[in-house]
Structures are given as structure tokens and as C-alpha cells.
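Peer 1: just to be clear, the model below is a prediction. Sequence and coordinates:
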Amino acid sequence: MIQIEGLSYRVGKTPILHDISLTLKPGGITALIGPNGAGKSSLLHCISGLHDLAAGHIRIDGLDPLRAPDRDRARVVALLQQSPGVVSRLRVRELVGFGRWPHHQGRPTAQDTAMVDAALESFTLTDLADRTLESLSGGQRQRAFIAMTYAQDTPWLLLDEPLNALDPRHARDLMARLRRLVQDTGRSIVIVLHDINAAAGWADRIVAMKDGRVIGHQDTPDLLTPDMLETVFDMRFDVLTHQGRPVVISR
Amino acid sequence: MIRSRLLLLAAGLVLLSAAFLLWKLQEPTGFILSLRGSKLAVLICVGAATGVATILFQTVAMNQLLTPGIVGFDALFVLLQTGLVAILGGVGAALFPPMAQFLMETALLMGAALLLFGGLLRRGAGDVTRVILTGVILGMLLRGLTEVVQRMLDPADFAIVQQAMFASFSRVSTPQIWTGGGVIAVALAVALWQAPALDVAGLGRSTARSLGLAHDRVVLIVLGLVAALVSVSTALVGPLTFLGLLSASLARQVLQTHRHDALIPAAALIGATILVAGQFVFERLLASQSALAVIVEFFGGLLFLFLVFRRKPS
């Protein structure tokens, strides 16, 4: 369970997040939606312990990400960031191998190697394993970073816009993969999505954010109402139902 | 592949060193050998220290164009030396045993480097342009400051400082070599021990931290190591700006890897090889004495320009 109480975060003097209190239940996929600049990425970074808070506190399964030793934190929560930098001459297998760092701290065991192979397999990267990151397309690179986050093998996975740069097939494959992960291993995923229909189709719960505040947090079908969407995005949407899941169409 | 290339580099350096020692050896062999031996030791120490310092620095700065020399590490060292002479007077500074003076200067440089570059590289390392610009300006500032202090010096004191300012490989005493070699050996061992952490740090501060690396601690360790290595090589022969860039870039080219457990020894071997080979050609083949530093800087500078222009806009 992730408990956030009274969280405020600033960059310099600019307030980014205002007094956010939020409890995320374990298990399932929770999507963060909201317009650009709503503070979705900042919230993920705060939960991962990468930002110092102006106020408030966070507990992830009882662990304080800001105070806990870096290694303990990295075994509870893994973060996929938007457009991480590319290291030259780094191969895909080596990148995914970094996901095991919190577990082996530089001395990988056979178990770590097996885990890396499994991650490569899951994200259909086995054929690309010995290519350098520079030689990959944006989407392939994105998958490699997701595989690294996956290999970190944490109960909580925070993904910041993982569908960026993915074509429809790989986007669907990734979401299906995450769904299976949640079902099979009971891991919890918090994911920032720009495509509302990706959230509508795959997420169990949705947190809606706007201007650095949380304005809604409900099960997906309950949250996706035309009124709520208008409040969040300042435009009208129709919400239809297709095969039992909501579908959102802009007007 | 990496392993065999490292072995090749090592073998090359050993052969070259043997040639350096034994080429046209005349009577009195013992005396000439010890002379050449100590010179060889200096070249290897300085080359290795500069190469390793550059690899380490480039990793935490997230930039493969920067070197400790460009951002003014050695300028800082010369400034400290000059300041010491200015405060104590030439005679006062000369009163210190060289060993104590060296260790004191090294400690001072480590402290100053942590203060100056610590803040820059810890919080701000994400902003590459800021790191480069601040680093280059810092380097100029330090050189300027040194000049100001030197202008205020007594001519006799200035002569003492001048000794330290220009790279030269032919006036080093044996105890200095031993101290320097010791410091380099320790620094190398620490660097290799930290190699896996450096690999992770190379991903950038944010990613490294989300993987559970205590990034700030790694940056501090690296800055400490770089300061120690730079002060050894600067104390032994004076400032060399581009040698490090040359050895670090070549190490990356030759090994085609990002792994520090390979890059660190490779940069050390290549740095040493460049200096030994250069000195061998100049002294033995061309019978010329002092131009090595100039030539190394010339080719290093050319490489720097080449790297700048070849860079793809990202």
C-alpha cells in the first residue's frame, strides 16, 4: 500500500504539487491521467524518493522512500522515467542487467542472469540483446528500459508514460504484459498514461490530476464520466461501453 | 575480446618500456639504467593517473569531452601551490620536506575540488550544458587567479612557482616517484573496486538513483580520486590538459564498452603508452629533449576539436 499524506513539492519557488493525500491499494494497475503539467510525473518521482518534498510524507509498504537506504528503496519500488539518457556502447542485455543492481550490487549471481534473460524474453528483446542502445529505434529503446525496470523485480512498478514511442501493437503487448504481471505475481503498477482509452481499457483504478492536485480516485468505470473528464481536461467527451469496458471519445 | 585487447595493451606497454630502458645502452649501464628507470616510472605514473582521472571524471560529469584539465583541476593545484609560496614566501615553502608539502597540497586539492565541483555535479549533473560551461569558466577563473597571485610574487618566489607550472618529465626526485606511485596504486584500487557502481552512475543521476545507487556518495568518491590523481601527476610533471582526453577516448574506441572494470585499466595503459612512446621517440630517436608535453597537447587538442565537430546533435 502506498500512503501519501499532505504532500507538497516545489521546484525553486514554483509549487508543482499541492497538499496531495492519496492511498493506493496494492495489486492491480492504477493509471494517472491528467493534462500536461498536472504533476503526474512529479508525483511518481516523489513516490520513488527522487525529489525532496516541501511538506508531507510517503509510505510504501511501510517504507519511507526519502529516509530508507537507497538499496532498500530500490527493492520496493522501481521507476521507469521518461526519455532516460542513452549511454554510448551500452548493450541491451547490459542495460536490463542494471535492473538487478539493487539485488547484487555489482556481483551478479546465476539467479540475476536468469532474471535478466526472463525480462528480455518477456519484452521480446532476446534478438536485440547484443545490440547497442544507440542502434535501436526509439520504441525498441523504450522497451529495453521497461525491461530493466521489470528486472528490478519490485512489488511496486511506477511507469512514466511507457507507451511513448511505442507502435499500437507494442503498446497493446505492453499493457497486456503488465496485466498478466499483476494477475500472476500480485505486483502493483502505477502508470502515467496520456491515452485515456489505454487507461479505460487496462487500468483497474484511475487517479485524475489537474494543476498539481488529485481531483478523483476511483475504479475505472466509476471515474470515467463525461463530467469528471470535462473537469480534468476542459473539454467534452462521450463515454461509451464496448465489450464491457468504457471507451472515451472526444467531441 | 575486451580481455585480449587489455592484454595486448599491457604487452605493448611492457615491450615499449623494455625498449625505453635498453635502447643503445652504454657504460656505465647501472647509472644509465637507474636514470632511465626513474624517468620511465614518472612517465607511467603520470600517464596512468591522467587517463584514469579522465575516465572517472567523464562518468560523473556525464560527458565524454570534459577532462579534469579542462575544468581546471590542475589549475586549482597550481593555484594552491602558488598560494602556498605567496603566503609562506619561497624560503618558507622550501622549508617543508617535499613529501609533507606534496601530501598537504594533495589534501588541499581534494578539499577544494569537493567544494567546487561537488555541488555542481551532485544536484546539477542532469544539465550537461551547465556542467560544461561552468566547468570551463571555472577553469579559466582558476588560471586567471593563479596569474594574479603570480604577478604579486617576489621574482625569486616566482622562479620557484614557475618550476611547477610547465610540464616537464626530467626533474623528478625518487621519493616523489614513490609517493606518487603509492597514491596512484591506492586510487586505482579504489576506482576498480567502485567500477560496478560507476557503470550504474553512467546511466545518469536520476536513473542511477532509482536503481538504488547512492549517487552523491559515488560522485564524492570520484572527485576525491580525481583530485588525488591530478595532484600526483601535476606535482610530478606539471599540468597536462589534453593527455587525459586522448587516453580516455582511445580506451573507449579500442574496447567498445561502457564497463569501468575494463575502461579504467585501459585508460591507464594507454595514457602510459602515449607518454613512454612519445618520450622514446623524442629522446632516443630524435635526440630532442623537451617537446613531448607540447606534442601530446597538440594532438590532444586536435582530438578535442575532432570530437566536438563529430558530435551528433541530440
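Peer 2: Arrived safely, thanks for sending. Residues are numbered from 1 along each chain as shown, chains lettered A, B, ... in the order given.

Peer 1: show me where the stretch 101-250 of chain A has strands.
Peer 2: For the stretch 101-250 of chain A, the strands defined by DSSP state E, counting those that start in this stretch occupy A:156-160, A:188-192, A:205-210, A:213-219, A:237-242, A:245-250.

Peer 1: quick one, the third one and strand A:213-219 angle?
Peer 2: Taking axes from the mean of the first three to the mean of the last three C-alpha atoms, to 10 degrees, one finds that strand A:205-210 is oriented at 160 degrees with respect to strand A:213-219.

Peer 1: do the same with the second one
Peer 2: Taking the same axes, to 10 degrees, strand A:188-192 and strand A:213-219 form an angle of 130 degrees between their directions.

Peer 1: hang on, isn't A:L163 packed against A:R172?
Peer 2: No. In this structure, A:L163 is not within contact of A:R172 by C-beta atoms under 8 Å, at 9.5 Å. C-beta coordinates here come from the backbone N, C-alpha and C atoms, glycine included.

Peer 1: what does the stretch 151-300 of chain B put close to chain A?
Peer 2: For the stretch 151-300 of chain B, the contact set with chain A under C-beta under 8 Å from any C-beta of the partner chain comprises B:195-197, B:199-200, B:202-204, B:206-207, B:209-214, B:252, B:256-259.

Peer 1: tell me, what residue is most central in the chain?
Peer 2: With no chain named, the answer covers chain A. A:L159 (1.6 Å; C-alpha atoms, centre = their mean).

Peer 1: nope, chain B please
Peer 2: Most central in chain B (C-alpha atoms, centre = their mean) works out to B:T50, at 2.5 Å.

Peer 1: just the terminal-to-terminal distance for stretch B:69-78.
Peer 2: End-to-end span of stretch B:69-78 (C-alpha to C-alpha, to the nearest Å): 12 Å.

Peer 1: so for it, mean pLDDT?
Peer 2: Mean per-residue pLDDT for stretch B:69-78: 82.

Peer 1: what about A:L163 and A:R172, which has more around it?
Peer 2: A:L163 (21 against 15; other C-beta atoms under 10 Å in any protein chain shown).

Peer 1: all helices for the stretch 51-200 of chain B, in order.
Peer 2: In the stretch 51-200 of chain B, the helices defined using DSSP state H, counting those that start in this stretch lie at B:73-95, B:98-122, B:128-151, B:155-165, B:174-193, B:195-201.

Peer 1: winner for burial among those?
Peer 2: helix B:195-201 (a mean of 23; mean count of other C-beta atoms under 10 Å in any protein chain shown).

Peer 1: what does the helix or strand just after that one contact?
Peer 2: As assigned by DSSP states H and E, the chain's next helix or strand after helix B:195-201 is helix B:205-210. Helix B:205-210 is contacted from outside by A:48-50, A:70, A:74, A:78-79, A:81, A:84-85, B:62, B:122, B:125-126, B:200-202, B:215, B:218, using C-beta atoms under 8 Å, 6 or more residues apart in numbering or on different chains.

Peer 1: can you tell me which of the helices of the stretch 51-200 of chain B the model trusts least?
Peer 2: It's helix B:155-165: among those, that one has the lowest mean pLDDT, namely a mean of 75.

Peer 1: now find how far off-centre that one is within its chain.
Peer 2: 22 Å (C-alpha atoms, centre = their mean, to the nearest Å).

Peer 1: that one - contacts with which helices or strands?
Peer 2: Packed against helix B:155-165 by the contact rule (3 or more C-beta pairs under 8 Å, 6 or more residues apart in numbering or on different chains; DSSP states H and E) you find helix B:73-95.

Peer 1: tell me how far the helix it packs on lies from the chain's centre.
Peer 2: With C-alpha atoms, centre = their mean as the basis, the mean position of helix B:73-95 lies at 19 Å from the chain mean.

Peer 1: and for stretch A:39-59?
Peer 2: 14 Å.

Peer 1: in that stretch, what's buried?
Peer 2: A:39-51, A:53, A:56, A:58 (16 or more other C-beta atoms under 10 Å in any protein chain shown).

Peer 1: got it, and stretch B:19-30?
Peer 2: B:F20.
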